[in-house]
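Asks: Show me the folded form of this:
(4 chains)
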There are 2 protein chains.
Amino acid sequence: MARKHDHGHCIADALDAADRLCARSGARLTPLRRRVLELVWQSHQPVGAYQVLAALTQDAPGTKARNPAPPTVYRALEFLLAQGLIHRLESRNAYIGCPHPDRDHAGQFLICRECGTVTELVDAAIGDAVRRGAEVAGFRPNRLTLELEGTCRHCAGGSHP
Amino acid sequence: MARKHDHGHCIADALDAADRLCARSGARLTPLRRRVLELVWQSHQPVGAYQVLAALTQDAPGTKARNPAPPTVYRALEFLLAQGLIHRLESRNAYIGCPHPDRDHAGQFLICRECGTVTELVDAAIGDAVRRGAEVAGFRPNRLTLELEGTCRHCAGGSHP
DNA sequence: TTCTGATATGTTATAAGATAACATTGCGTT
DNA sequence: AACGCAATGTTATCTTATAACATATCAGAA
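Replies: Now for the predicted structure:
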């Protein structure tokens, strides 16, 4: 996540991918759900459910949802999670868009303390190590939560301290 | 965590270790904090802050804290976390006693969906893999959250299904 | 011993995150 | 048009967590 990039492109890509994925799977990416996905993608920082709610509330009053309530948002988020279009960051109670919703994967996240940017990792070695560790303990794994808090390349790097 | 074990022993051990650790470090393990630690150790299932609060409320009315409020509990939990005596399970918003508070380690947890039992792992291979993955991304790691949800040996095992 | 400053705890109020339960809408099918 | 189903709206409430300020307690200095 470079400091400067065409984020509009990120959003457009994500929405396109979502359209394709849902078209293929038959899942209904309704305008509301699509809008929530777009809002979650506003940045590479995780977004809270109530931030999404606030943004929805800002939407032109002419829109369907004139005064959305929490369940509206949580239901949309739930749908997007189920489709693998977003992830939930447990350590932050927040949500973030998934950059490769097509691939099946456990979320592994690097969360920067300085700038809040979250980078998703898909590291087979980590997955393997975890699986092996679980196996030794006789544990049959299902869902992995892996969140690493620290300092990202940009915030640590000498170029712009 | 076998189905049957002398859990009183677990608790006693944990409290002893806490006493020793705090004595050495100069941290003040007050009666309240010690009591909260004891309550967190009531089981090998994670315990919520409000469960601790409820238990504290049950304590003999003669005790100092006749009607404790949330901050009382959260402050004690915060202290125990800082001393490494307990861990927080982010995916559950709950707390669990640390079986080896002396060792410096990142929390790696196996959480059973069936029985709720949490086992703490200290797996160097996992830690290494994560560090390596972070390094490749130019990320300087600080705090690791690793929680694996699944089925534990006992609940999966054929002996008592 | 008494004072004092720091740390710990009490108290009140509220913020933030999430869900239960039921009502309504909208859309495709028959 | 009538039905059935999925999505959304609505109201209320629950759980988790913290802010802000008051009081108490303890260790060490005077």
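Asks: list the contacts for A:Cys155?
Replies: Shown in contact with A:Cys155 (Cβ atoms under 8 Å, 6 or more residues apart in numbering or on different chains): A:112-115. (Glycine included, C-beta is placed from N, CA and C.)
Asks: Nearest to B:Asp102 among those?
Replies: Nearest to B:Asp102 among these is A:Arg113, at 26.9 Å by Cβ to Cβ.
Asks: Please indicate which of the contacts of A:Cys155 are buried?
Replies: Taking 16 or more other Cβ atoms under 10 Å in any protein chain shown as the criterion, what is buried in the contacts of A:Cys155 is A:Cys112.
Asks: Please see if stretch A:135-147 touches chain B.
Replies: Yes: using Cβ under 8 Å from any Cβ of the partner chain, stretch A:135-147 reaches chain B at A:136-147.
Asks: picking that back up, arrange the contacts of A:Cys155 in TSV, one row each, with pLDDT as further columns.
Replies: Below are those laid out as TSV (pLDDT from 0 to 100):
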residue	pLDDT
A:Cys112	97
A:Arg113	95
A:Glu114	94
A:Cys115	95
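Asks: what's the farthest-apart pair in the contacts of A:Cys155?
Replies: Longest span within the contacts of A:Cys155, Cβ to Cβ: A:Arg113 and A:Cys115, 8.3 Å.
Asks: Of the contacts of A:Cys155, which ones also sit close to chain B?
Replies: Near chain B, by the rule Cβ under 8 Å from any Cβ, you find A:112-113 out of those.
Asks: In a markdown table: the contacts of A:Cys155, plus secondary structure and distance to DNA strand D.
Replies: Below are the contacts of A:Cys155 laid out as a markdown table (DSSP: H, G, I helix; E, B strand; the rest coil; distance: Cβ to the nearest atom of the strand, whole Å):
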| residue | secondary structure | distance to DNA strand D |
| --- | --- | --- |
| A:Cys112 | strand | 19 |
| A:Arg113 | coil | 15 |
| A:Glu114 | coil | 19 |
| A:Cys115 | coil | 20 |
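Asks: mean confidence for the longest strand that chain A contains?
Replies: Longest strand of chain A, by residue count under DSSP state E: strand A:140-151. Here strand A:140-151 scores 97 as its mean pLDDT.
Asks: Repeat that for stretch A:88-96.
Replies: Mean predicted confidence for stretch A:88-96 is 98.
Asks: Check whether it comes into contact with DNA strand C.
Replies: Yes: using Cβ under 7 Å from any atom of the strand, we find that stretch A:88-96 touches DNA strand C at A:93-94.
Asks: ok so, going back, from the contacts of A:Cys155, which single one is nearest DNA strand C?
Replies: Here the nearest of the contacts of A:Cys155 to DNA strand C, counting by Cβ to the nearest atom of the strand, is A:Arg113; it sits at 16.7 Å.
Asks: Contact partners for that closest one?
Replies: A:149-151, A:155, B:142.
Asks: ditto for A:Ile126
Replies: The neighbours of A:Ile126, taking Cβ under 8 Å, 6+ apart as the test, are A:108, A:146, B:126, B:129-130, B:133.
Asks: Repeat the analysis, applying 7 Å as the threshold.
Replies: If you count contacts by Cβ atoms under 7 Å, 6 or more residues apart in numbering or on different chains, A:Ile126 has them with A:108, A:146, B:129-130, B:133.
Asks: now, which of those lie within strands?
Replies: Of the contacts of A:Ile126, the ones assigned to strands by DSSP E are A:108, A:146.
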